[in-house]
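>>> Model the following, please.
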Amino acid sequence: MARPLSVCKHFAHVNEQVVIEDMDLNVDKDGVVSVILDVRPYKRHQRRCPHCGKRCPGYDSMSASPRLWRALDCGGILLYLRHAPGRIQCPDHGVVTSAVPWAFHGSGFTKEFDLQVAWLAKYLPRSSIEKLMRIDWKTVGRCVERAQLHLDPDADKRRLDGLVNIGVDETSYRKGHKYMTVVVNHDTGEVVWVHENHGKSVFEKFFEDLSQEQRASIRCVSGDGARWIDDCIKQYVPHAIRCVDPFHVVQWAGDALDTMRTQIWQSLRVEARGIEKQIKNNDDPQEIRRLRAEQQVRELQATSIKHSAYTLGKGKENLTSFQSQRLALIAESQPALYKAYQLKEQLRIILKMPIDQDRYFLQKWYWRASHSRSQVIKDLARKIKRHQENIFNTIQNGLSNARIEAINNKIKLLVRRAYGFRNLQNMFAYVKLICSNVDIPLPNRPVVSLDRPVGR
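Residues are numbered from 1 along each chain as shown. Purely as a prediction, here's the structure:
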């Protein structure tokens, strides 16, 4: 029969690490039961530096001030480990508090507790984690940051090694034009770098974090048509191939089409209001009836075009029967808008063609768009003409920013699920942990040991 203290070691997940010297059972005024285990590490785990893992001489004892570490609950009962770690004299890091084998440095929780919270953070909102684990809102972020740091201590350096095809994009994380810049490795699909704000000054920091060898390995850089991406590539990696993703090109066409749609329905609304003024200043009943009919036509056209954003944004093969009817009405009443829609669809199809056909058909598309009567479409044609070679580079190298857009959506879901972040470092730790290939181990499962010293 197993002894009670040995069973408690299994409950606390410290079977191969500590000796349990005593145990206390407490019940607070609310009836919450907690168990406190007085423990000490095995001799091989004592006097270890928390930074380098080296065994060091002792500096002093802190036995008069024991600390508590929260472990995972056992059947709803709060479980704590109590120990008074001494201080050591590390030749590299000076006088520091000795590491304990059951917890990460600077944590008030056991390793399994921090990892459990990090695993839950991938799938649950923070409010649910708070209630389940009985911790504070800010504590969730700190647990995730510690787990991300200790699961892969060399992650930041490892992610920057051997970069070949990278993509950069910015995504908003808060209202008020609060952006973060994300760099993704196309070959592994993980986030390699993240920083607050966006623009040339931010992207320059990414390249400055790279060594000359790391910059030399970069072959392709994909992103949208922002000029600051071009400037940074010319300055830091002039040998790299600049790629503009077809997704963004079609998005430009969609935005131009939506701008044109907005201009048309607003002009129709202004015309309807002008007719209303004519009706008020007219005394001829027959003329009033004609103006009323004309006003109704303008209002119906304005309403139809105002609510046709989804119709114009979809491909013809994906339209519903109602949307097809609405598109037919647009073709009849607003031929200029319908022609712009056709140009958008032609561009989408051209970008899916092989590279040898792309050049020919894109030149023909550019001629039609540049001779449009709409200034918005002419501006779109000039923009695509300016990025033409970068678009061909993307098609030729088979890159797509779809993965980056998927990660951006995952980041937005993460922010929305957390109801925002007050600490940006916690948010970046979330992003790096969840948008990476790091596997978060769970307790009582066959996993790689977490007892390896940090930094070795």
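>>> counting contacts, what elements does the helix or strand encompassing Ile288 pack onto?
Assigned by DSSP states H and E, Ile288 belongs to helix 285-306. Here helix 285-306 touches helix 246-280, helix 321-333, going by 3 or more CB pairs under 8 Å, 6 or more residues apart in numbering; DSSP states H and E. Quick note: C-beta positions are derived from backbone N, CA and C, even for glycine.
>>> in this structure, which segments are predicted with low confidence?
Along the chain, segments meeting pLDDT under 70 span 1-5, 16, 62-64, 153-156, 176, 401, 417-423, 446-456.
>>> Where do the strands of it begin and end?
Assigned by DSSP state E, the chain shows strands spanning 18-27, 33-41, 58-60, 67-74, 77-83, 87-90, 94-97, 165-174, 178-185, 191-196, 220-223, 241-244.
>>> need those strands in JSON lines with mean neighbour count and distance to Ala293, can you?
Rendered in JSON lines, the data for the strands of the chain read as follows (neighbours: other CB atoms under 10 Å; distance: least, CB to CB, whole Å):
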{"stretch": "strand 18-27", "mean neighbour count": "13", "distance to Ala293": "82"}
{"stretch": "strand 33-41", "mean neighbour count": "18", "distance to Ala293": "80"}
{"stretch": "strand 58-60", "mean neighbour count": "13", "distance to Ala293": "94"}
{"stretch": "strand 67-74", "mean neighbour count": "18", "distance to Ala293": "74"}
{"stretch": "strand 77-83", "mean neighbour count": "19", "distance to Ala293": "77"}
{"stretch": "strand 87-90", "mean neighbour count": "19", "distance to Ala293": "89"}
{"stretch": "strand 94-97", "mean neighbour count": "14", "distance to Ala293": "85"}
{"stretch": "strand 165-174", "mean neighbour count": "20", "distance to Ala293": "46"}
{"stretch": "strand 178-185", "mean neighbour count": "20", "distance to Ala293": "49"}
{"stretch": "strand 191-196", "mean neighbour count": "20", "distance to Ala293": "57"}
{"stretch": "strand 220-223", "mean neighbour count": "25", "distance to Ala293": "52"}
{"stretch": "strand 241-244", "mean neighbour count": "23", "distance to Ala293": "49"}
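>>> okay, the ones you listed in TSV with distance to Lys122 next?
Putting those into TSV (distance: least, CB to CB, whole Å) gives the following:
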stretch	distance to Lys122
strand 18-27	29
strand 33-41	28
strand 58-60	40
strand 67-74	17
strand 77-83	24
strand 87-90	35
strand 94-97	31
strand 165-174	18
strand 178-185	18
strand 191-196	14
strand 220-223	27
strand 241-244	31
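>>> Can you say which of those is nearest to Leu149?
Closest of the strands of the chain to Leu149 is strand 191-196, at 14.6 Å (criterion: CB to CB).
>>> if we can go back for a sec, next, the angle helix 321-333 makes with the helix holding Ile288.
130 degrees (axes from the mean of the first three to the mean of the last three CA atoms, to 10 degrees).
>>> how close does Val438 sit to Val144?
Val438 sits at a distance of 12 Å from Val144 (criterion: CB to CB, to the nearest Å).
>>> Show me which of those two is the more surrounded one.
Counting neighbours by other CB atoms under 10 Å for Val438 and for Val144 shows that Val144 has the greater number, 29 against 15.
>>> Could you pull up the residues touching that one?
Under the criterion of CB atoms under 8 Å, 6 or more residues apart in numbering, the contact list for Val144 reads Val117, Ala118, Ala121, Asn426, Ala429, Tyr430, Leu433.
>>> go again using 6 Å as the cut-off
Residues touching Val144, when contacts are defined by CB atoms under 6 Å, 6 or more residues apart in numbering, comprise Ala118, Ala121, Ala429, Tyr430.
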